[in-house]
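**Student:** Turn this into a structure:
(2 chains, ligands or ions: 2)
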Amino acid sequence: MGTIRLQSVTKRFDAVEVIPGVDLSIREGEFIVFVGPSGCGKSTILRLIAGLEDVSSGEIFIDEKPVAQEPASQRGLAMVFQSYALYPHMSVRGNIAFGLKMAGQPKELIEAKVAKAAETLNLTDYLDRKPRQLSGGQRQRVAIGRAIVREPKAFLFDEPLSNLDAALRVQMRLEIMQLHKTLKATMVYVTHDQVEAMTMADRIVVLNKGRIEQVGTPMELYDRPNSLFVAGFIGSPKMNLVSGPAAEQYGAATIGIRPEHIAIGEGAKAVTARIRIAEHLGSDTFIHLDTDELGALTVRAQGHVEAAPGTSLSVILDPARIHRFDAHGKVIVHA
Amino acid sequence: MATHHAIRLGRLATAPSVLVLFMWMIVPLAMTVWFSLLRYNLLDAENAYFAGLDNYIYFVTDPAFSDAIKNTLLLVGTVLAVSVIFGIALALLLDQAILGRSIVRLLIITPFFVMPTVSALVWKNMMMHPVSGVIAYLFKILGLAPIDWFADAPRSAIAIMVSWQWLPFATLIFLTSVQSLDEEQKEAAEMDGASPFAYFFYIVLPHLARPITVVILIETIFLLNVFAEIYVTGSGGMAGNMPYLVYFQGLLNFDVGGASAGGIIAVILANIVAVFLMRMIGKTLES
Ligand SMILES: Nc1ncnc2c1ncn2[C@@H]1O[C@H](COP(=O)(O)OP(=O)(O)O)[C@@H](O)[C@H]1O
Ligand SMILES: [Mg+2]
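**Tutor:** Numbers count the residues shown, from 1 in each chain, chains lettered A, B, ... in the order given. Ligands and ions are numbered 1, 2, ... in the order given. Below you'll find the model as predicted:
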């Protein structure tokens, strides 16, 4: 069990319509990621699912049961907050046990469940500490532990890693994915970081101004973005977007090509460019170019490539990898 | 302040102010101690002589002394209970209201600015007057016999007046604390299925532990010294506390020695209460 379905869900705060209407089906056991720029309504949708906000119209189904009018505690979901929201005066044990205690479960059962969760999350040695005596990553684990013990139908995460430093973020990312494998539970995960979305998701929901732009697997979004917005949002470094006469040659208002689909080399269709700056990552080199025909371009070359700023370079665009968009930013599908 | 040199310099720099503060405290205290050891009555000022601990023995064995202690502790206890319990309730209420909250907050704090003498006069003559008072009027509407507060229940009357003065202070401190409660914590508790009742006892009350401690400590200091309300309403006979007894000895009996002894005893009592309080709740301040 653990399907979630949104049907024409809207949300307005006073006069401001934040979510103009969302339809979405989340499958059982799926790891789904909401991604989009800050302020696009990711948290709002998550909070509507959780029951922390009331829908303005529409219906939410959990396991095909309508729940839009039910209070948060009755929906059988668990949430991990960005600030962790641990209870500061309770021990780790108290924090993890609180939900079970509120549900009136017997003491021995609570003990056993807390011990099991603590073991899963490597928290056994910290059970008697207070949250303020823990590191950021440990607090994060306590927050997750609090969710796990309730055995929810689905987990909701709201930017859970954004308060951690980069190294810890990568580690926690793996731990959460591992947890998903172990529990096989439905997880809805909100982030503004497209790398997190790409690496963790079974399916990604790209949001823009409260609307769903596209839903699909990471590779679908990468290979076949259906709008300029998705094309620009997914992938790092960003897709090169070119408009004007160069795009018109392809019968589009804008064309896009990813940095990794531009090759360095000579040829009939080669474009001559000047090197503006090169970023050497060791594994890759990002070369930022200026061209006469296409304007600024970023090229991703594998390994270490000598590229002195100011010198010129000749590059070839892979024609099969060029994305075309119309004047409204919608993709033009190849005939 | 890492090096010895820096530490020595720091001590040197603070020395003058420490000295002034010390003199400020020690001179009046020493003089009071000295007077308390004299047989020194203003009606017979020329014949002052050293009397040892006689003043203390006299003061402590006076039947008025145990009454004064009882009244003091009763007043402190009642007002503390009222301001903590009702203060938390009011703070939670004010946290809800959104419209005109700043005005309400200003109104709430007003009693705190009213001089104790003025407040005592207002309560005595406008609120608690047995014939023309507002409370008597309300009692009559409800078909009850009005109470002659200062004749029949002076302790309750004083406690009500002082509570009215100190409740706003407590409310304001609690309100600030309630408003600093993390919103996501509230929502986490909601997801965890905590009832409003459980939310209050498991989340809000522990969050308020520190402000409660602060309110109790500060109010105790001032409540041990309540005087104007008792003096102005003329309730000293039945509701007199330690400060009133000292006043009574010194200025009504003209017994400077006895009053000084009373003053010193009051200081010792206040310190006992302070130590007791610190023991009991000081822990919450440290954590
Ligand atoms: N309680 C609220 N009252 C009014 N506006 C809100 C409220 N919560 C969110 N919003 C608005 O809704 C929009 C989406 O917010 P949010 O869902 O938090 O975005 P995200 O999580 O994607 O950054 C923002 O423009 C925000 O200002
Ligand atoms: Mg958000």
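**Student:** May I have the predicted confidence score for the spatially most central residue of chain B?
**Tutor:** Nearest to the mean C-alpha position of chain B, by CA atoms, centre = their mean, lies B:Leu223 at 1.7 Å. Listed pLDDT for B:Leu223 reads 93.
**Student:** separation between it and B:Pro146?
**Tutor:** As judged by CB to CB, to the nearest Å, B:Leu223 and B:Pro146 stand 28 Å apart. The way it works is simple: take the backbone N, C-alpha and C, and place the C-beta from them, glycine included.
**Student:** Can you pull the residues of chain A lying near ligand 1?
**Tutor:** Within chain A, the positions adjacent to ligand 1 are A:Phe13, A:Val18, A:Gly36, A:Ser38, A:Gly39, A:Cys40, A:Gly41, A:Lys42, A:Ser43, A:Thr44 by CB under 6 Å from any ligand atom.
**Student:** Just among those residues, which is most surrounded?
**Tutor:** Neighbour counts for the residues of chain A next to ligand 1 peak at A:Gly36, which has 27 neighbours (criterion: other CB atoms under 10 Å in any protein chain shown).
**Student:** partners of the host helix or strand of A:Glu213, with directions?
**Tutor:** Using DSSP states H and E, A:Glu213 sits within strand A:211-216. Sheet pairing for strand A:211-216, assigned by DSSP bridges, gives strand A:203-208 (antiparallel).
**Student:** Looking at the strand it pairs with now, give me its mean pLDDT.
**Tutor:** 97.
**Student:** show me what contacts B:Asn241?
**Tutor:** For B:Asn241, the contact set (CB atoms under 8 Å, 6 or more residues apart in numbering or on different chains) comprises B:Ala68, B:Asn71, B:Thr72, B:Leu75, B:Val226, B:Phe227, B:Ile230.
**Student:** thinking A:Phe23 is in contact with A:Gln7, fair?
**Tutor:** Just so we're on the same page, residue A:23 is Asp rather than Phe. Yes. Using CB atoms under 8 Å, A:Asp23 is in contact with A:Gln7, at 6.1 Å.
**Student:** more crowded one of the two?
**Tutor:** Shown here are A:Asp23 and A:Gln7; by other CB under 10 Å, A:Gln7 has more neighbours (17 against 12).
**Student:** Give the helix, strand or coil label for the closest residue to the more buried one other than its chain neighbours.
**Tutor:** Among residues not flanking A:Gln7 along the chain, A:Glu59 sits closest, at 4.7 Å (CB to CB, 6 or more residues apart in numbering or on different chains). Following DSSP: H, G, I helix; E, B strand; the rest coil, A:Glu59 is assigned to strand.
**Student:** who touches A:Glu59 in this structure?
**Tutor:** Counting by CB under 8 Å, 6+ apart, A:Glu59 touches A:Leu6, A:Gln7, A:Ser8, A:Val9, A:Pro66, A:Ala68.
**Student:** Now with 6 Å, please.
**Tutor:** Taking CB atoms under 6 Å, 6 or more residues apart in numbering or on different chains, we find A:Glu59 in contact with A:Gln7, A:Pro66, A:Ala68.
**Student:** State the phi and psi torsions of the second one.
**Tutor:** Dihedral angles phi and psi of A:Pro66 (degrees, to the nearest 10) take the values phi -70, psi 130.
**Student:** What separation do you get for it and chain B?
**Tutor:** According to CB to the nearest CB, to the nearest Å, A:Pro66 stands 19 Å off from chain B.
**Student:** Helices of the stretch 51-200 of chain B, start to end?
**Tutor:** Here the stretch 51-200 of chain B has its helices, by DSSP state H, counting those that start in this stretch, at B:54-61, B:63-96, B:101-113, B:116-122, B:134-141, B:149-152, B:154-179, B:183-191, B:196-199.
**Student:** And the fifth one, what's buried?
**Tutor:** The neighbour-count check on helix B:134-141 (16 or more other CB atoms under 10 Å in any protein chain shown) flags B:Ile135, B:Ala136 as buried.
**Student:** Can I get that helix as PDB, trimmed to CA atoms?
**Tutor:** Listed next in PDB are the C-alpha coordinates belonging to helix B:134-141 (Å, rounded to 0.1, in the frame of the first residue of the first chain):
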ATOM      1  CA  VAL B 134     -17.300  47.800  40.800                       C
ATOM      2  CA  ILE B 135     -16.900  44.300  42.300                       C
ATOM      3  CA  ALA B 136     -19.700  45.000  44.900                       C
ATOM      4  CA  TYR B 137     -21.800  46.200  42.000                       C
ATOM      5  CA  LEU B 138     -21.200  43.000  40.100                       C
ATOM      6  CA  PHE B 139     -21.900  40.900  43.200                       C
ATOM      7  CA  LYS B 140     -25.300  42.700  43.600                       C
ATOM      8  CA  ILE B 141     -26.200  42.000  40.000                       C
END
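**Student:** got the contact list for that helix?
**Tutor:** With CB under 6 Å, 6+ apart as the contact definition, helix B:134-141 has outside contacts at B:Met127, B:Met128, B:Pro130, B:Pro146.
**Student:** coming back round to it: which element follows the strand holding A:Glu213 toward the C-terminus?
**Tutor:** Sequence-wise, the next helix or strand downstream of strand A:211-216 (DSSP H and E) is helix A:218-223.
**Student:** Please point out which parts of that following helix sit buried.
**Tutor:** A:Pro218, A:Leu221, A:Tyr222.
**Student:** State the three-state secondary structure for A:Gln69.
**Tutor:** For A:Gln69, the assignment made with three-state DSSP gives coil.
**Student:** what's the burial count for it?
**Tutor:** Residues lying near A:Gln69 (other CB under 10 Å) number 11.
**Student:** Model confidence for A:Ala327, exactly?
**Tutor:** You'll see A:Ala327 listed with a pLDDT of 93.
**Student:** who touches it in this structure?
**Tutor:** If you count contacts by CB under 6 Å, 6+ apart, A:Ala327 has them with A:Ala253.
**Student:** my guess is it is in a strand, correct?
**Tutor:** No. According to three-state DSSP, the state of A:Ala327 is coil, so it is not within a strand.
**Student:** List the contacts of the residue of chain B found nearest ligand 1.
**Tutor:** For chain B and ligand 1, the shortest gap (CB to the nearest ligand atom) falls at B:Glu183, measuring 9.9 Å. For B:Glu183, the contact set (CB under 6 Å, 6+ apart) is empty.
**Student:** Which residue comes closest to residue 203 once chain neighbours are left out?
**Tutor:** All of this refers to chain A. In this structure, A:Arg203 finds its nearest non-sequential neighbour in A:Ile32, 5.3 Å apart by CB to CB, 6+ apart.
**Student:** Wait, chain B was what I had in mind.
**Tutor:** B:Ile203's closest residue in space is B:Ala189 (CB to CB, 6+ apart), at 5.5 Å.
**Student:** how far away is the one you found from A:Arg203?
**Tutor:** Remark: distance between B:Ala189 and A:Arg203 (CB to CB) = 31 Å.
**Student:** ok, these two, which is more surrounded?
**Tutor:** Higher neighbour count among B:Ala189 and A:Arg203: B:Ala189, with 24 against 18, using other CB under 10 Å.
**Student:** separation between the more buried one and B:Gly133?
**Tutor:** When distance is defined by CB to CB, B:Ala189 is 45 Å away from B:Gly133.
**Student:** Check A:Arg276 too.
**Tutor:** For A:Arg276, the distance to B:Gly133 (CB to CB) stands at 87 Å.
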